[in-house]
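In: Predicted model, plus sequence, below.
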Amino acid sequence: MAKYVKDQSADFRNTIERVAIIGAGGTIGLPITNALLKTGRHIVTAISREDSGNKLPEGILVATVDYNDEATIVAALKGQQFVIITMAPTAPKGTHSKIVQAAAKAGVPYVMPNWYAADIGNVKLGQDILLGPQDQANRNEIESLGMQWVNICCGFWYDYSLAGGESRFGLDFSTRSLTIYDDGNAQISTSTLSQVGRAVAKLLSLNELPEDENDKNLTLSTFLNKGVYIQSFLVSQNEMFESVKRVTGTTNSNWTITHEATNKRYENGLAQVKVGNMMHFSKLLYARVFYPDGSGDFSNKSQNELLALPNEDLDQSTKAGIDLIAELGRRVERMAA
């Protein structure tokens, strides 16, 4: 694969313009889609099932596919330069591979696999949270088909996790209770949904290749077959709780606070998952990342400055997470109506 613009044909355009996204209306897909549309530099196509009920933003194109008919996926991806995969854990097994295989047949050069999480360089952590081996297999498959990948290493989504109940950051706003893992001082790298969206949009707004060997400007090629490390905050549970109290105007006396060892919490969650109780997966996942061994902290790898990402306000992001709880409640009511 040519490394420089000088080696390309005369009609080569050194920009990523045509982007396809799977899951464009989902939790992480929507902020990525909105950020890409906001740049005004991308033609964004949502790859969607015919029966999908997700509401998509204005300005996006839609290509309908049948995941049991590869020809429809290939046709939808024809002419795309970059495919972004965002899928829920409940997606049918093998869907990721179907998309990647179709992308290769459609001639797509770049894929962003379905990983918006921890440090891919920490193999032991990936094994312990049960997600790493599959992500490695996804990356291997992309490379074996002659394409290249970019992983987003962003840690847990701060606002989403804050709104997710006790099994995530230990906070349950409905009962005003908090489970503190160990002493609550372990800091982890975490990103807001909007920060992830901005990072992807910044990445795909870069030139694809350097002009020649003397061009030292940042390009998409800088990040190929690597993790892109971003974060909004390096933050502990105790720091989160202080922010929650500021935003809600509460004090410790308004909350029921308990403590639990991360290793015990992880082992309990893992035991439940091993017998098929996936309701406990979040418990093992979050507990393991909060281990006091520093495995949840990749701030020394952060590329925020490189991508010119903004500094965010913790309390504003905490408020966004609390607001998300109300929004999720409204969604449930609409579905039940």
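Out: Here it is on my side, so go on. Numbering: from 1, shown residues only.

In: And the helix or strand harbouring residue 21, what does it pack against?
Out: Residue 21 is part of strand 18-22 when elements are defined by DSSP states H and E. With contacts defined as 3 or more CB pairs under 8 Å, 6 or more residues apart in numbering; DSSP states H and E, the packing partners of strand 18-22 are helix 29-39, strand 43-49, strand 82-85. For the C-beta atoms, the positions are set from N, CA and C on the backbone; glycine is no exception.

In: Now do it and strand 43-49, the angle between them.
Out: Interaxial angle, strand 18-22 versus strand 43-49 (axes from the mean of the first three to the mean of the last three CA atoms, to 10 degrees): 30 degrees.

In: Restrict strand 18-22 to CA atoms and write it as CSV.
Out: This file holds the C-alpha atoms of strand 18-22, laid out as CSV (Å, rounded to 0.1, in the frame of the first residue of the first chain):
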residue,chain,number,x,y,z
ARG,A,18,-17.3,8.7,2.5
VAL,A,19,-18.0,7.1,5.8
ALA,A,20,-20.3,4.2,6.6
ILE,A,21,-21.4,3.6,10.1
ILE,A,22,-23.2,0.6,11.6
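
In: relative orientation of it and helix 29-39 in degrees?
Out: Going by the same axes, to 10 degrees, strand 18-22 makes 160 degrees with helix 29-39.

In: ok, strand 18-22: who's next to it in the sheet?
Out: Strand 18-22 sits in its sheet next to strand 43-49 (parallel), strand 82-85 (parallel), going by DSSP bridges.

In: For the last one, list every residue counted as buried.
Out: Right, strand 82-85. 82-85 (16 or more other CB atoms under 10 Å).

In: swap in stretch 296-305?
Out: So stretch 296-305, judged by 16+ other CB under 10 Å, has buried residues 296-298, 302-304.

In: Looking at the strands paired with strand 18-22, which is nearest to residue 164?
Out: strand 82-85 (21.9 Å; CB to CB).

In: hmm, back to that, with mean pLDDT as extra columns, can I get the helices and strands packed on strand 18-22 in CSV?
Out: What follows is those, written out as CSV (pLDDT from 0 to 100):
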stretch, mean pLDDT
helix 29-39, 97
strand 43-49, 95
strand 82-85, 98
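
In: Residue 103: which of these is closest?
Out: strand 82-85 (5.0 Å).

In: right, and the helix or strand after the closest one?
Out: Note on strand 82-85: by DSSP H and E, the next helix or strand toward the C-terminus is helix 95-106.

In: Using PDB, write out every CA atom in stretch 94-102.
Out: Extracted in PDB, the C-alpha atoms of stretch 94-102 (Å, rounded to 0.1, in the frame of the first residue of the first chain):
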ATOM      1  CA  GLY A  94     -20.900 -13.400  13.700                       C
ATOM      2  CA  THR A  95     -22.400 -10.000  12.600                       C
ATOM      3  CA  HIS A  96     -19.000  -8.200  13.000                       C
ATOM      4  CA  SER A  97     -17.300 -10.800  10.800                       C
ATOM      5  CA  LYS A  98     -20.100 -10.500   8.200                       C
ATOM      6  CA  ILE A  99     -19.600  -6.700   8.000                       C
ATOM      7  CA  VAL A 100     -15.800  -7.000   7.800                       C
ATOM      8  CA  GLN A 101     -15.900  -9.700   5.100                       C
ATOM      9  CA  ALA A 102     -18.400  -7.600   3.000                       C
END
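
In: Enumerate every residue touching the residue nearest to the spatial centre of the chain.
Out: Taking CA atoms, centre = their mean, the centroid of the chain lies closest to residue 116, which sits 2.7 Å from it. Under the criterion of CB atoms under 8 Å, 6 or more residues apart in numbering, the neighbours of residue 116 are 28, 86, 152, 154, 157, 196.

In: Kindly report the same for residue 84.
Out: 19-22, 29, 32, 112, 200.

In: and the residue lying closest to residue 251 once chain neighbours are set aside, helix, strand or coil?
Out: Nearest-residue entry for residue 251: residue 245, 6.3 Å, with adjacent residues in sequence omitted and distances by CB to CB, 6 or more residues apart in numbering. Under DSSP: H, G, I helix; E, B strand; the rest coil, the three-state class of residue 245 is helix.
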